[in-house]
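Asks: how would this look folded up:
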Amino acid sequence: MIRAGRLKYVQTMSDLADALGKSLGTVRNQKPYAAEGHPEPISSPGARNQLWDSEQTKAYYAGEPIPELPQADDEDLLDRHEAAELLGIAPVTWNTYKKDKDLAAGVVFVPEGPKGTEHWPRRLVLAYKDSRPGRGAGGGRREGSGDMIPRDEILLRIAELLDAEPAVTVETVSDTLGITKFPTAQSGLATLRGRRIADLVEQQPGLDLKDAALQLGYPAITHRAAVAFAERELSARSAQPYLQHTADVLAAAGIAQQAQVEMRQLDGGAVAAAVLLDTDQSAAAAVWDSRYGWRTSTSRRHPIGKDTDTAPEGEGIRYLGSGLRPEPEELLAALRDGRKGTKRPKADMDEQTSSED
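Replies: Numbers count the residues shown, from 1 in each chain. Reported below is the predicted structural model:
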């Protein structure tokens, strides 16, 4: 975490490379920060971008004693992993909670700008923790909770009700939040229960999904939908590290925006994700689909597009790579060379060739 008052000393890997007079690529390859005695990163172990305290690294490379950092403070800045740990939830669940208006208003990007990593002051995370239903002085139904609420807050509010009562019904959610029972309340409950089943299975490898649902106190009537979502959620999470690594490689090469890859579940159990490319690229985004692999997209606002049973085709769409998960360098080369790629996924073309034979 970034200790209170230390934001101005935050050092990214690029900053560290500049301080050492080396290129970012050289530092990535040589990994001087992994040497014994080097100051530990101030970012959490699971953070996408490593951060250091520049006063500590400066002292280390000068052969001087490394200064101690301040003790914990309410103004410490926490990344998504640290905020989730404080609440006792998985980082993927925090992605829903962070949409709370106070948390959204207090987010700090480190370094500043759209490519920075999101952080939140500890006091805001603690205040949110205390305000959740059934937890502390702020517990219980919120004033005005029966009114219609913005769509982007629905999952957040359902999550609060689910925290307070794992067996909460569709009817209660609908009446409390002023949303329709079907599909809004029902879908929201299934989504959140599925995510939490996935969280528990990751914490307890080998645990059966239905047994996880029972442990979490979910009624039997809800198991089928929640377990189905959990299966898709686990599939998405298994692909996420590969996609994030690929996105980081594209960003380091200067053709994509640095960002946390967000997974989207599609019908039929498929999952997809998009990486926005820089505006000087011929395509708006690179999209990965678990059924078809990588392709280009012409839309920045809706790069994945509508979910259909067939692979998207059309002007500006190229399918890239030799398989569903090509090495990032192969994808990078294909994006840089407009002659590479096919109009349809390789699997579809192989199937068509086979039928013609």
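Asks: that's a strand at Ala19, yeah?
Replies: No: membership of Ala19 in a strand is not supported by DSSP: H, G, I helix; E, B strand; the rest coil, which gives helix.
Asks: next up, the contacts around it.
Replies: In this structure, Ala19 makes contact with Gln11, Ser54, Thr57, Lys58, Tyr61, judged by C-beta atoms under 8 Å, 6 or more residues apart in numbering. C-beta here means a position set from N, CA and C on the backbone, and glycine is covered the same way.
Asks: now those residues as TSV including neighbour count?
Replies: Conversion of the contacts of Ala19 to TSV gives the following (neighbours: other C-beta atoms under 10 Å):
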residue	neighbour count
Gln11	23
Ser54	18
Thr57	21
Lys58	17
Tyr61	14
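Asks: among these, which are in helices?
Replies: Within these, residues falling in helices by DSSP state H are Ser54, Thr57, Lys58, Tyr61.
Asks: Ala104 contacts Lys98, correct?
Replies: Yes: with contacts counted by C-beta atoms under 8 Å, Ala104 reaches Lys98, the gap being 6.8 Å.
Asks: quick one: which of these two has more around it?
Replies: More neighbours surround Lys98 than the other of Ala104 and Lys98, with 18 against 13 (other C-beta atoms under 10 Å).
Asks: give me the low-pLDDT residue ranges for the stretch 51-200 of the chain?
Replies: For the stretch 51-200 of the chain, applying pLDDT under 70 flags the ranges 114, 132-148.
Asks: okay, which residue is most central for the protein?
Replies: Note on the chain: the residue nearest the mean C-alpha position is Glu262, at 4.6 Å, using C-alpha atoms, centre = their mean.
Asks: the residue nearest to Thr342 when sequence neighbours are not counted bridge partners, please.
Replies: In this structure, Thr342 finds its nearest non-sequential neighbour in Tyr319, 4.9 Å apart by C-beta to C-beta, 6 or more residues apart in numbering. Tyr319 forms beta bridges with Arg295, Thr342, as assigned by DSSP bridges.
Asks: so what's Tyr319 up against?
Replies: So Tyr319 contacts Tyr292, Gly293, Trp294, Arg295, Ala311, Gly341, Thr342, Lys343, Arg344, Pro345, Lys346 (C-beta under 8 Å, 6+ apart).
Asks: helices of the stretch 51-200 of the chain, start to end?
Replies: 54-61, 80-87, 91-97, 101-106, 122-131, 154-164, 170-177, 186-203 (DSSP state H, counting those that start in this stretch).
Asks: and the ones you listed as a markdown table, adding distance to Gly217?
Replies: Listed next are these as a markdown table, based on distance: least, C-beta to C-beta, whole Å:
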| stretch | distance to Gly217 |
| --- | --- |
| helix 54-61 | 45 |
| helix 80-87 | 18 |
| helix 91-97 | 16 |
| helix 101-106 | 26 |
| helix 122-131 | 20 |
| helix 154-164 | 10 |
| helix 170-177 | 15 |
| helix 186-203 | 10 |
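Asks: nearest to Ala213, out of these?
Replies: Closest approach to Ala213 among the helices of the stretch 51-200 of the chain (C-beta to C-beta): helix 186-203, 5.6 Å.
Asks: now for that closest one, which elements pack on it?
Replies: Contact here means 3 or more C-beta pairs under 8 Å, 6 or more residues apart in numbering; DSSP states H and E; on that basis helix 186-203 packs against helix 91-97, helix 154-164, helix 170-177, helix 209-215, helix 223-252.
Asks: out of those, which is closest to Arg48?
Replies: Evaluated with C-beta to C-beta, those place helix 223-252 nearest to Arg48, the distance being 6.4 Å.
Asks: buried residues in the closest one?
Replies: If you call a residue buried by 16 or more other C-beta atoms under 10 Å, then helix 223-252 has these buried ones: 223, 225-227, 229-237, 239-240, 242-244, 246-252.
Asks: same for whichever helix or strand comes after that helix, what does it pack against?
Replies: Going down the chain from helix 223-252, the next helix or strand is strand 264-265, by DSSP states H and E. Packed against strand 264-265 by the contact rule (3+ C-beta pairs under 8 Å, 6+ apart) you find helix 223-252, strand 271-276.
Asks: what's the mean pLDDT across the longest one?
Replies: Translated: helix 223-252. Mean pLDDT, helix 223-252: 94.
Asks: now it, how far from the centre of its chain.
Replies: 9 Å (C-alpha atoms, centre = their mean, to the nearest Å).
Asks: can you check the last one too?
Replies: What separates the centre of strand 271-276 from the centre of its chain is 11 Å, taken as C-alpha atoms, centre = their mean.
Asks: what is the rounded mean pLDDT of it?
Replies: 95.
Asks: got it, and stretch 291-301?
Replies: Mean predicted confidence for stretch 291-301 is 95.
Asks: list the buried ones in that stretch?
Replies: Judged by neighbour count (16+ other C-beta under 10 Å), stretch 291-301 contains these buried residues: Arg291, Tyr292, Gly293, Trp294, Arg295, Thr296, Ser297.
Asks: list the contacts for the fifth one?
Replies: Arg295 makes contact with Ala286, Val287, Asp289, Ala311, Pro312, Ile317, Arg318, Tyr319, Leu320, Gly341, Pro345, according to C-beta under 8 Å, 6+ apart.
Asks: closest to Ala127 out of those residues?
Replies: The shortest approach to Ala127 among the contacts of Arg295 belongs to Val287, at 37.6 Å (C-beta to C-beta).
Asks: ok, the closest residue to His223 other than its chain neighbours - how many residues close by?
Replies: Spatial nearest neighbour of His223, excluding adjacent residues (C-beta to C-beta, 6+ apart): Ala213 at 4.9 Å. Other residues lying near Ala213 total 24 when counted by other C-beta under 10 Å.
Asks: noted, bye for now.
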